[in-house]
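Participant: Have a look at this fold, sequence not included:
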């Protein structure tokens, strides 16, 4: 099956999934569950943006949560000090995250595997420590309050779903173009890609910047939803969640992170009532999936479909 | 503002902190040397050791001379299990794993860290545990500095253990095997060294040392599920400064980081003391990835 058809199938499957999710407010108007869905969509955007980097380009960054935090502070600070409207706050948040991602991506270009993971982890920790210690600007761990943008949770749910659809659509167009081919070539064999004329520096840096901007966008949007921004958004544990969701859903596929995010977050809220062992279960699942089912849930589904098709009816 | 007495006090305290860092970092350096991966669950071995010691010594009333080795053995056993179940794909059948090897290691150790933190959080509880004191003396004068008795006792044990490790790596058969495999895995296997057994040994030893560090420091920093995050980040910094995989480098870098932090907190900024090491880590990875004393691997 050629890459283009595979990508298109994943895109169609994601679109169907998003449409089904859009029907959910018909089932429940419960404020709590709508909140859970909003946070799931936030994580779906983060996981998808991280997947562009880790799954499609082979750059295993440990900083997605830090970029979300940077985006959230971009929105919160500009709204607190310059009173900008939410739309401008979103643009500023994603722009700042994208610019920092551009610089960081250019700097870590040559690093691989454990070196890249350590550098991005350190960057994430520095960003968080700066945010929580610059008390006279960010109010530190108290957090910066924001005027909420909308008050209705149903509206918020559709805003987040729309944002997720926007990101997925953007990723699809990017991956379907020549750029997607270049990125996957870099992931599979950087030297061979360079030898074939792929501009490594440009594409790796671009992927880092785009991924960071998307994470910053998610963070800024979340800031207006939560109406409070704290350094906790950038905790390494948040990155751990993003990685878990992507690995469980299926790394390197368009739909995997979305499935993973909604499945992990909604189930974990649901399991909260039965003793709160959800994080233990998901951490164990991450290990099991990474060890035994490297293509994630989506990979299992496609493999099952493929064997059924091969069997004569 | 930096008087002689203050400088001496900072130096002694920095060096003692550095010794504790060393106990953590040397295990991480051993793992990197032999397996070429960074163990992102290293801090959780520290946490497990702190709990093992606290529970055995405080709840069951076992004497310290038994409780401390118990913590070490517990960490070592956990390290052995982790290596057997999760690390084997890294070198068994390496061809089909080549592409995603590094990513697999990051995901699995990261997942293990999440698993252990949350497991302890649920099974034992999120509250800090108070550990029994190592010695009864509350304040001891060490040269120019005044230090808590706990710290002095822990530093003494740490020095002794580090000396033992150095002797082990220098002179014993298995110590030489570890050094051979970290220089060149293929070459060592060709010379008849069981590289798989060395990997098991190294993971157990690293787990045991981190657990011992957690146990020794638990009277000062009480055990809690996330207590390992902080020492783990320190040891990442140290391993990079010392040159990934270099044991003497890791030891010297531990002492250096202890000094940098202790002086930096007073001279530069107390609030940002935890960022110094991280900035150093990034600068080193970018401009001197072989670290202060690192050597390039030898190829066969």
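Facilitator: Structure received. Quantities reported herein were computed from a predicted structural model and do not represent experimental measurements. Numbering: from 1, shown residues only, chains lettered A, B, ... in the order given.
Participant: What number of residues are in the vicinity of residue B:257?
Facilitator: 27 (other Cβ atoms under 10 Å in any protein chain shown). The C-beta positions use only the backbone N, C-alpha and C, and glycine is treated the same way.
Participant: what do you get for residue B:110?
Facilitator: Neighbour count of residue B:110, defined by other Cβ under 10 Å: 28.
Participant: and the one helix or strand it maps to, is it in reach of chain A?
Facilitator: For residue B:110, the host element (DSSP states H and E) is helix B:101-123. Yes - on the criterion Cβ under 8 Å from any Cβ of the partner chain, helix B:101-123 is in touch with chain A at B:101-108, B:110-115, B:118-119, B:121-122.
Participant: Show the buried residues in the residues you listed.
Facilitator: For the residues of helix B:101-123 next to chain A, a burial check counting by 16 or more other Cβ atoms under 10 Å in any protein chain shown picks out B:101-108, B:110-115, B:118-119, B:121-122.
Participant: quick one: low-confidence ranges for the chain?
Facilitator: Reading this off chain A. Regions of chain A meeting the criterion pLDDT under 70 cover residues A:1-3, A:274-276, A:311-313.
Participant: oops, chain B please
Facilitator: For chain B (pLDDT under 70), the answer is B:1-2, B:92-100, B:131-146, B:293-300.
Participant: cutoff 50 now
Facilitator: Residues of chain B meeting the criterion pLDDT under 50: B:94-98, B:297-300.
Participant: which residues in it form helices?
Facilitator: All helices of chain B, identified by DSSP state H, fall at B:4-35, B:42-54, B:64-82, B:101-123, B:149-171, B:173-183, B:185-190, B:195-217, B:229-241, B:247-267, B:273-287.
Participant: Give the buried residues for the longest one.
Facilitator: Right, the one you point to is helix B:4-35. B:9-35.
Participant: next one: the fifth one
Facilitator: Counting neighbours by 16+ other Cβ under 10 Å, one finds that the buried residues in helix B:149-171 are B:149-155, B:157-158, B:161-162, B:165, B:169.
Participant: The shortest one now?
Facilitator: Applying a neighbour-count criterion of 16+ other Cβ under 10 Å, the buried positions in helix B:185-190 are B:185, B:188-189.
Participant: need those residues in a markdown table with distance to chain A, can you?
Facilitator: Output for these, formatted as a markdown table (distance: Cβ to the nearest Cβ, whole Å):
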| residue | distance to chain A |
| --- | --- |
| B:185 | 16 |
| B:188 | 21 |
| B:189 | 22 |
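Participant: if we can go back for a sec, so for residue A:244, which of the helices of chain B sits nearest?
Facilitator: In terms of Cβ to Cβ, the element of these nearest to residue A:244 is helix B:101-123, at 6.9 Å.
Participant: Show me what the closest one is packed against.
Facilitator: Applying 3 or more Cβ pairs under 8 Å, 6 or more residues apart in numbering or on different chains; DSSP states H and E, we find helix B:101-123 packed against helix A:113-133, helix A:236-249, helix A:278-292, helix B:42-54.
Participant: Now the element after the second one, going C-ward?
Facilitator: Meaning helix A:236-249. Downstream of helix A:236-249, the next assigned helix or strand under DSSP H and E is helix A:256-271.
Participant: ok but residue A:59 is inside a helix, no?
Facilitator: No - looking at residue A:59 with DSSP: H, G, I helix; E, B strand; the rest coil, it is coil, so not inside a helix.
Participant: now it: how far from residue B:240?
Facilitator: Separation of residue A:59 from residue B:240 (Cβ to Cβ, to the nearest Å): 19 Å.
Participant: and if you look at residue B:58?
Facilitator: With Cβ to Cβ as the criterion, residue B:58 and residue B:240 are 36 Å apart.
Participant: Settle it for me: which of the two has more neighbours?
Facilitator: Higher neighbour count among residue B:58 and residue B:240: residue B:240, with 32 against 16, using other Cβ under 10 Å.
Participant: gap between the more buried one and residue A:242?
Facilitator: Using Cβ to Cβ, residue B:240 is found at 24 Å from residue A:242.
Participant: Tell me which of the helices of chain B sits nearest to residue A:178.
Facilitator: It's helix B:101-123; of these, that one is closest to residue A:178 (Cβ to Cβ) at 24.7 Å.
Participant: Run the chain-centre distance for the closest one.
Facilitator: With Cα atoms, centre = their mean, to the nearest Å as the basis, helix B:101-123 stands 17 Å off its chain's centre.
Participant: what angle separates it from helix A:113-133?
Facilitator: Counting by axes from the mean of the first three to the mean of the last three Cα atoms, to 10 degrees, helix B:101-123 lies at 50 degrees to helix A:113-133.
Participant: now helix B:101-123 against helix B:4-35, angle please.
Facilitator: Using the same axes, to 10 degrees: helix B:101-123 against helix B:4-35 is 120 degrees.
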